[in-house]
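Asker: Dropping the sequence and predicted coords here.
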2 protein chains.
Amino acid sequence: MPNKHSTQYKILDAAQSLFAETGFNDTSLRQITSLAEVNLASVNYHFGSKKELIQAVLQRYLIVLMPRLDQEFTRLLAAQQPNNLNQVLTVFVKPLLELNKVNQNGTRIFLQLLGRGYADVQGHLRWFFNHHYGRVLDKLVLLVQQACPDLPPGELFWRLHFSLGTVVFTMASNEALAEIAQADFNEKVDIEGVILRLIPYLSAAIAAPVPTVSQISQTAPMLASEGR
Amino acid sequence: MPNKHSTQYKILDAAQSLFAETGFNDTSLRQITSLAEVNLASVNYHFGSKKELIQAVLQRYLIVLMPRLDQEFTRLLAAQQPNNLNQVLTVFVKPLLELNKVNQNGTRIFLQLLGRGYADVQGHLRWFFNHHYGRVLDKLVLLVQQACPDLPPGELFWRLHFSLGTVVFTMASNEALAEIAQADFNEKVDIEGVILRLIPYLSAAIAAPVPTVSQISQTAPMLASEGR
DNA sequence: GTACATTTCAAACACCTGTTTAAATTGTGG
DNA sequence: CCACAATTTAAACAGGTGTTTGAAATGTAC
């Protein structure tokens, strides 16, 4: 059934582009089916519901990406001495760029979809992702912990989520940013360029020195008195 | 007309909470008016349209925050020697926390709204913001440039947007993150705590060493061959 | 070629959206 | 109290949403 020109594929291809551009909630099934040149009802026939279509669109990439990432994480975990942060983050590059084999502009589209997935806080997406791929991310956390042994677990938690925010936001607004960069600095930037710029940024961010309690309390008292 | 219990205020208060929680597009006027206990038509009567209501909700905070930020930026720009990044970023703390005077939980709500504003890419919001407050942000760029004189302008552009993504995403998903942190690490985290954690993170990120061309080209060839 | 399952299709479904209308109500200055 | 403006109200508007239906078309195995 996986004909490259089947109705399913036409729907998935149309849906992913529109989802990436406009977000999940702001893309209607009628937009999708008219771009795919298929009947409106075929979405519900083949995928059941819009919710399941969204998951199918993401799954097409995740099913390729996550095992590749898992493989890279496992390889790094097997190393004798702990890896530094740059090494850990760099393993994302190849698997991400291989998504261009799944689909034209696959890397860009997938990362945009990821951004949309977190922006429209669709509860089911978060569950879907953690349920299927939580184990893989645990390995990443372990690697980062090994790379930054001085970082308290709580601090690491926040910094990983900060970093997720950086990636997700950057990708969601990728087109707009790339246009501005082109106009203001005359540098052509593609998705690969952005990924390579992110690595040193995130690397330094995650490994940033943890402020001591005394440093925090310089500003803290003011806050407590002004709250509410 | 600015009675604290007027219809306008009831609408604004209900709207900001729902917008922050669910996003602009996913919050209906009927949800807002029923929470505010006013008639549906009063939104269009008092604000004209939903678009203008969104801007009014944001404006209530921006009109307080931005002059305060402008004042801080100007003060720092007048200093004899250039300020370091930590000093520059720290000036955000006080003006942001003063938003709690505008409204209960004002700081958290405003930052969540900011996140929503960039997530639902409503073109009019970007325009609205740049049109009214572009000048203020130019001063911030100047300050960061002075703090990081070795950073090429193009790189600085990207890193500031990366940082915006960090803040915006973190705030948009703030509730969810705080809950997880509470459950997993048993640390109560409020908006002030998040802001204070962000500063060293962003500071290190923006000032990260710029990779040399030779470092990039180690991974680049593979990309070019696989990209389409 | 006939029987059966799969897939397509146009139409309708029930519901939700932002906005507008015109009448009823309330507030206000003379 | 009256006249006039400002505000509130219920109702309807036109259009969009995801989903369902039942008949038509197509594919497939015997």
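Answerer: Noted; the coordinates are in hand. Numbering: from 1, shown residues only, chains lettered A, B, ... in the order given.

Asker: How about the contacts made by residue A:21?
Answerer: By CB atoms under 8 Å, 6 or more residues apart in numbering or on different chains, the residues touching residue A:21 are A:27, A:112. Glycine gets a C-beta too; all of them are placed from N, C-alpha and C.

Asker: Now do residue A:5 against DNA strand D, distance only.
Answerer: Going from residue A:5 to DNA strand D by CB to the nearest atom of the strand, to the nearest Å gives 12 Å.

Asker: can you check residue A:74 too?
Answerer: Taking CB to the nearest atom of the strand as the measure, residue A:74 falls 38 Å from DNA strand D.

Asker: Residues of chain A that sit close to DNA strand C?
Answerer: Where proximity means CB under 7 Å from any atom of the strand, the interface of chain A facing DNA strand C comprises A:1, A:6-7, A:38-42, A:45-46.

Asker: if you set the cut-off to 6 Å instead, what comes out?
Answerer: Counting by CB under 6 Å from any atom of the strand, the residues of chain A lying close to DNA strand C are A:1, A:7, A:38-42, A:45.

Asker: So which of those residues are in helices?
Answerer: In helices, judged by DSSP state H, the following of those are found: A:7, A:41-42, A:45.

Asker: could those residues go into JSON lines alongside pLDDT and neighbour count?
Answerer: Listed next are these as JSON lines, based on pLDDT from 0 to 100; neighbours: other CB atoms under 10 Å in any protein chain shown:
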{"residue": "A:7", "pLDDT": "93", "neighbour count": "18"}
{"residue": "A:41", "pLDDT": "96", "neighbour count": "10"}
{"residue": "A:42", "pLDDT": "96", "neighbour count": "16"}
{"residue": "A:45", "pLDDT": "96", "neighbour count": "12"}
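
Asker: which of the residues of chain A next to DNA strand C lies closest to DNA strand D?
Answerer: Proximity to DNA strand D was ranked across the residues of chain A next to DNA strand C by CB to the nearest atom of the strand; first place goes to residue A:41, at 3.6 Å.

Asker: From residue A:29, how far off is that closest one?
Answerer: Counting by CB to CB, to the nearest Å, the gap from residue A:41 to residue A:29 is 9 Å.

Asker: is it possible to export the ones in helices among the residues of chain A next to DNA strand C to TSV including distance to DNA strand D?
Answerer: Rendered in TSV, the data for those read as follows (distance: CB to the nearest atom of the strand, whole Å):
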residue	distance to DNA strand D
A:7	11
A:41	4
A:42	9
A:45	7
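
Asker: can you name the two of the residues you listed that are farthest apart?
Answerer: Greatest spacing in those, by CB to CB: A:7 and A:41 (10.9 Å).

Asker: coming back round to it: and the furthest pair within the residues of chain A next to DNA strand C?
Answerer: A:1 and A:40 (20.7 Å).

Asker: So for the two, which residue has more residues nearby?
Answerer: Ranked by neighbour count (other CB atoms under 10 Å in any protein chain shown), residue A:1 and residue A:40 place residue A:40 first, with 13 against 7.

Asker: Touching, the more buried one and residue A:33? I think so.
Answerer: Yes: between residue A:40 and residue A:33 there is a contact under CB atoms under 8 Å: 4.8 Å.

Asker: Show the contacting residues for the closest residue in space to residue A:14 that isn't next to it in sequence.
Answerer: Setting aside the residues directly before and after it, residue A:14 is nearest to residue A:36 in space (CB to CB, 6 or more residues apart in numbering or on different chains), at 3.7 Å. Counting by CB under 8 Å, 6+ apart, residue A:36 makes contact with A:7, A:10-11, A:13-15.

Asker: Which strands and helices lie in contact with the longest helix seen in chain A?
Answerer: Secondary structure of chain A per DSSP H: the longest helix is helix A:50-77. Helix A:50-77 is packed against helix A:7-22, helix A:41-47, helix A:93-97, helix A:99-102, helix A:106-119, helix A:123-147, with contacts defined by 3 or more CB pairs under 8 Å, 6 or more residues apart in numbering or on different chains; DSSP states H and E.

Asker: and among these, the most buried is which?
Answerer: Comparing the helices and strands packed on helix A:50-77 by mean neighbour count (mean count of other CB atoms under 10 Å in any protein chain shown), helix A:106-119 comes out on top with a mean of 24.

Asker: per-residue pLDDT, residue A:220?
Answerer: The score at residue A:220 is 44. That number is its pLDDT.

Asker: How about the one 5 residues further on?
Answerer: pLDDT recorded at residue A:225 is 39.
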